[in-house]
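Visitor: Structure, please.
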Amino acid sequence: MGRGQGPTPDTDVLVVGAGPAGLTTALQAQAHGASVRVVDRRPHLTRPSRALMLHARALEGLRPLAVTGELLRRADTTPEARLHLGRRIVEARLGHADLPDTAFPHLTLVRQADVEAVLWQALQERGVHVDWGVEFRGLGRGGVQPEGGMVRAQLCRDGGGREEHDARFLAGCDGQAGTVRSITGARWEGGPYRVEAVLADLELDGPLDPGVLHVAVGSAGLTFLFALGEGATWRMLATRPADPQPAALFGQLGPAVPPGEVERLVRVSGLGAAVRDVRWSAQVALQHRLASSFGVDPVFLAGDAAHAHSPAGGQGMNNGILDALNIGLKLGFASTAGGPLPELLSSYHQERRLAARQVLALTHVIFFGEASPHPAARLARSILPALAPVLPFLLRRQWLTSKGIRLLAQPFVRYRSSAVSIDGTPRSVRWPRPGDRLPDAPASVAGREVRLHDLTALPGVHLLLERDAGPDALDALALPARAGHSPMVHVHRLSSHPGRGMVAVRPDGYVGFSCGEADPAQVGDWLRLVGALPS
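Guide: Presented below is the predicted three-dimensional model:
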């Protein structure tokens with residue numbers, strides 16, 4: 001099945017860029033019925049990590065793709081931190097937060113390289129291979145063919161070989177300096193920061209507890225030491241005044257930093273350590289940007305191609321993964337639908353641009369406190385050591401740590417105004433509103449005790465029927481699998497939840513439809529709206 005008449009594409013989806021956003025887009029689209037090709041101009045998978053953290057919402061969204069087990073195996077899910085405040089050291093435990101509505105109630109420290117390796121391996125196992133050393137150069141002859149929504153992409157291989165690839169959809173996940181955004185006409189709104197990041201993998205001498213996160217607070221900014229170095233024990237993240245003319249493109253790893261400068265940054269941090277060896281380093285120019293459009297059918301943007309953040313709060317990789325889970329499911333459903341799905345495809349921009357704007361505001365505020373040279377920010381950092389005596393008391397209060405971890409997982413992101421968030425009649429009052437995340441909670445199904453997120457841990461739409469919904473509703477919703485594909489609609493009756501209503505949970509974990517009565521006609525209309533049920 002396809003969208004409209006016209007030439008047959010080489011694949012349903014062409015993904016440009018094989019970072020976390022691109023690999024997740026490919027996995028999600030393939031899991032929901034699309035044929036996928038991934039290209040990346042890098043010669044191979046391996047590269048130094050920039051991001052080092054996953055939050056609960058990204059892990060929840062990745063769970064149906066069967067990758068979270070391996071991600072957690074490679075991660076530190078019980079991190080401990082040491083806050084260095086002048087001569088005082090304050091301990092903070094960042095695992096096991098009081099968050100009963102998620103299966104991942106903790107900060108998760110994991111290298112971006114490990115995230116990419118796990119996602120890449122999952123694609124390999126599904127028969128989707130990344131074409132390394134292949135660069136997207138723009139649109140080929142014919143460009144975008146509106147009658148079929150086709151994209152003709154011009155690709156160039158290392159060594160000069162050229163080809164054209166036809167796809168129904170193009171997903172630009174090629175970073176802040178990528179090419180795909182330039183063909184959409186989207187404006188790149190925002191500007192550069194006055195500070196830049198310095199990354200380095202180090203061996204250190206000094207009284208630093210091993211295996212924990214060290215954070216040094218100084219008036220000039222914060223310095224982080226993660227026990228996650230690649231080829232060395234420690235990974236340093238520090239900031240310094242930015243060069244007015246950065247030596248690298250924004251968002252990309254720039255040239256190495258002289259060892260003497262790395263040693264200076266460690267020395268002035270107050271960590272009390274000395275650099276024994278600098279194994280690797282890079283400067284990273286930072287900016288805050290937001291694309292004016294996240295795309296129009298058939299070309300879309302995700303991840304760093306759509307928004308650029310500071311490293312504050314560890315949001316960049318997470319936000320890109322959440323973009324990818326959203327657009328991936330929509331491209332998958334749209335690839336196998338019997339007709340066009342304009343509401344579904346336009347909802348990607350509606351949902352994710354607002355979310356990105358909210359996250360950008362959060363990171364902007366955090367980064368101001370962490371690294372801004374503004375006098376107010378420097379003053380706040382300079383007086384923080386005076387609060388050291390009360391910080392242990394505050395940090396022992398689990399509710400405070402839990403609120404911080406929950407905030408980083410983006411609880412404020414909702415899609416209530418989306419074209420595919422629909423309230424049925426009569427309106428349900430027992431479930432989250434359409435557009436809200438489905439929280440995890442205990443439930444019973446056929447005498448079996450489960451969690452809601454256990455039920456939804458498979459690709460596709462999940463219909464949760466309340467206990468007293470009539471058997472006719474269950475029969476009407478027992479939808480057959482599409483020919484040649486795994487079932488994309490799963491029905492569960494919750495004996496633990498009294499009532500006659502139902503809720504439809506999207507593949508990315510958000511409620512798409514709810515109704516006080518399990519009406520097959522209304523939910524069928526919604527399933528056709530999103531492409532989970534053929535027209």
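
Visitor: Strands of the stretch 251-400 of the chain, start to end?
Guide: 274-284, 287-291, 295-296, 299-301, 307-308 (DSSP state E, counting those that start in this stretch).

Visitor: In its sheet, which strands sit next to the third one, and in what direction?
Guide: Put plainly, it is strand 295-296. Using DSSP bridges, strand 295-296 pairs in its sheet with strand 299-301 (antiparallel).

Visitor: now swap in the second one and tell me
Guide: Based on DSSP bridges, the strands next to strand 287-291 in the sheet, each with its direction, are strand 188-192 (antiparallel), strand 307-308 (antiparallel).

Visitor: Can you pull the poorly scored residue ranges out of the protein?
Guide: Counting by pLDDT under 70, the chain has low-confidence residues at 1-7, 141-148, 247-248, 386-397, 471-486.

Visitor: about what we covered before: and the strands paired with strand 287-291, which is most packed in?
Guide: strand 307-308 (a mean of 28; mean count of other C-beta atoms under 10 Å). C-beta coordinates here come from the backbone N, C-alpha and C atoms, glycine included.

Visitor: The nearest residue to Gly270 once chain neighbours are set aside: what's it in contact with?
Guide: Closest residue to Gly270 apart from its sequence neighbours, by C-beta to C-beta, 6 or more residues apart in numbering: Ala216 at 5.2 Å. Contact analysis of Ala216 by C-beta atoms under 8 Å, 6 or more residues apart in numbering lists 84, 222-223, 225, 269-271.

Visitor: what about the strands of the stretch 251-400 of the chain, which gets the closest to Pro342?
Guide: Distance to Pro342, taken as C-beta to C-beta, is lowest for strand 295-296 among the strands of the stretch 251-400 of the chain, at 10.2 Å.

Visitor: List the buried residues in the lengthiest helix in the chain.
Guide: Counting by DSSP state H, the longest helix found in the chain is helix 342-371. For helix 342-371, the neighbour count (16 or more other C-beta atoms under 10 Å) marks 344-353, 355-356, 359-360, 362-364, 366-371 as buried.

Visitor: any idea how far it is from the chain center?
Guide: Remark: helix 342-371 is offset 11 Å from the chain centroid, using C-alpha atoms, centre = their mean, to the nearest Å.

Visitor: elements contacting it?
Guide: Contacting helix 342-371 under the criterion 3 or more C-beta pairs under 8 Å, 6 or more residues apart in numbering; DSSP states H and E are the following elements: strand 221-226, strand 287-291, strand 295-296, strand 307-308, helix 316-336, helix 375-383, helix 520-530.

Visitor: neighbouring contacts of the third one?
Guide: Applying C-beta under 8 Å, 6+ apart, the set of residues contacting strand 295-296 from outside is 172, 184, 186, 301, 346, 348-349.

Visitor: Check those against His96 and report the nearest one.
Guide: Using C-beta to C-beta, the contacts of strand 295-296 come closest to His96 at Tyr348, 35.0 Å.

Visitor: Nearest residue to that closest one in space, ignoring adjacent ones along the chain?
Guide: Ile327 (5.1 Å).

Visitor: Could you do Leu527 as well?
Guide: Nearest non-adjacent residue to Leu527, counting by C-beta to C-beta, 6+ apart: Leu533, 3.7 Å away.

Visitor: What of Arg57?
Guide: Distances taken as C-beta to C-beta, 6+ apart put Ala409 closest to Arg57, at 4.6 Å, once the chain neighbours are dropped.

Visitor: Neighbours of the one you found, how many?
Guide: Residues contacting Ala409 under the criterion other C-beta atoms under 10 Å number 23.

Visitor: wait, isn't it in contact with Met53?
Guide: No: using C-beta atoms under 8 Å, Ala409 is not in contact with Met53, being 10.9 Å away.

Visitor: isn't Gly33 right up against Gly332?
Guide: Yes: shown here, Gly33 and Gly332 form a contact pair, counting by C-beta under 8 Å, at 4.9 Å.

Visitor: Find the helix or strand that Val15 is a member of.
Guide: Secondary structure from DSSP states H and E places Val15 in strand 11-16.

Visitor: Can you tell me the element Arg235 falls in?
Guide: Counting by DSSP H and E, Arg235 is part of strand 234-241.

Visitor: Need the residues that contact that strand.
Guide: Contacts with strand 234-241, where a contact means C-beta under 8 Å, 6+ apart, come from 49, 52, 194-204, 220-229, 262, 265-266, 269, 311, 370-371, 373.

Visitor: hang on, the earlier thing: can you check which of the strands paired with strand 287-291 gets nearest to Ala21?
Guide: With C-beta to C-beta as the measure, strand 307-308 is the member of the strands paired with strand 287-291 nearest Ala21 (10.4 Å).

Visitor: ok now do the nearest residue to Ala441 once chain neighbours are set aside, which residues does it touch?
Guide: Using C-beta to C-beta, 6+ apart and skipping residues adjacent in sequence, the residue nearest Ala441 is Leu452, 5.2 Å away. Applying C-beta under 8 Å, 6+ apart to Leu452 gives the contacts 438-443, 464.

Visitor: Please narrow these to those residing in strands.
Guide: Within these, residues falling in strands by DSSP state E are 442-443, 464.

Visitor: Among the residues you listed, find me the one that's closest to Gly339.
Guide: Distances from Gly339 to those, taken by C-beta to C-beta, are shortest for Leu464, at 27.5 Å.

Visitor: Please list all residues in contact with that closest one.
Guide: With C-beta under 8 Å, 6+ apart, Leu464 has these contacts: 452, 455, 492, 494, 497, 502-505.

Visitor: now swap in Asp98 and tell me
Guide: 105, 398-399, 402.

Visitor: run the last query once more with 7 Å
Guide: Applying C-beta atoms under 7 Å, 6 or more residues apart in numbering to Asp98 gives the contacts 398-399, 402.

Visitor: Of those residues, just say which sits nearest to Gly339.
Guide: Distance to Gly339 across the contacts of Asp98 (C-beta to C-beta) is lowest for Ser402, with 45.9 Å.

Visitor: wait, is the closest one part of a strand?
Guide: No: the assignment for Ser402, made by DSSP: H, G, I helix; E, B strand; the rest coil, is helix rather than a strand.

Visitor: on that earlier part again, can you redo the contacts of strand 295-296 as a markdown table with distance to Gln287?
Guide: What follows is the contacts of strand 295-296, written out as a markdown table (distance: C-beta to C-beta, whole Å):
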| residue | distance to Gln287 |
| --- | --- |
| Gly172 | 18 |
| Thr184 | 19 |
| Ala186 | 15 |
| Leu301 | 16 |
| Ser346 | 28 |
| Tyr348 | 23 |
| His349 | 21 |
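
Visitor: Tell me the one of those nearest Leu290?
Guide: Using C-beta to C-beta, Ala186 comes nearest to Leu290 of those, at 9.5 Å.

Visitor: State the phi and psi torsions of that closest one.
Guide: Dihedral pair for Ala186: phi -70, psi 140, per degrees, to the nearest 10.

Visitor: quick one: it and Ser293 touch, right?
Guide: Yes: counting by C-beta atoms under 7 Å, Ala186 touches Ser293, with 4.4 Å between them.

Visitor: higher neighbour count, these two?
Guide: Ala186 (22 against 16).

Visitor: residues of stretch 230-245 that come out buried?
Guide: Neighbour-count burial for stretch 230-245 flags 230, 232-240, 242 (criterion: 16+ other C-beta under 10 Å).

Visitor: Counting neighbours, what do you get for Gln283?
Guide: Neighbour tally, Gln283, other C-beta under 10 Å: 22.

Visitor: Who is it paired with across the strands?
Guide: Beta-bridge partners of Gln283, counted by DSSP bridges, are Val198.

Visitor: One more: Leu301?
Guide: Bridge pairing for Leu301 (DSSP bridges) gives the partners Gly172.
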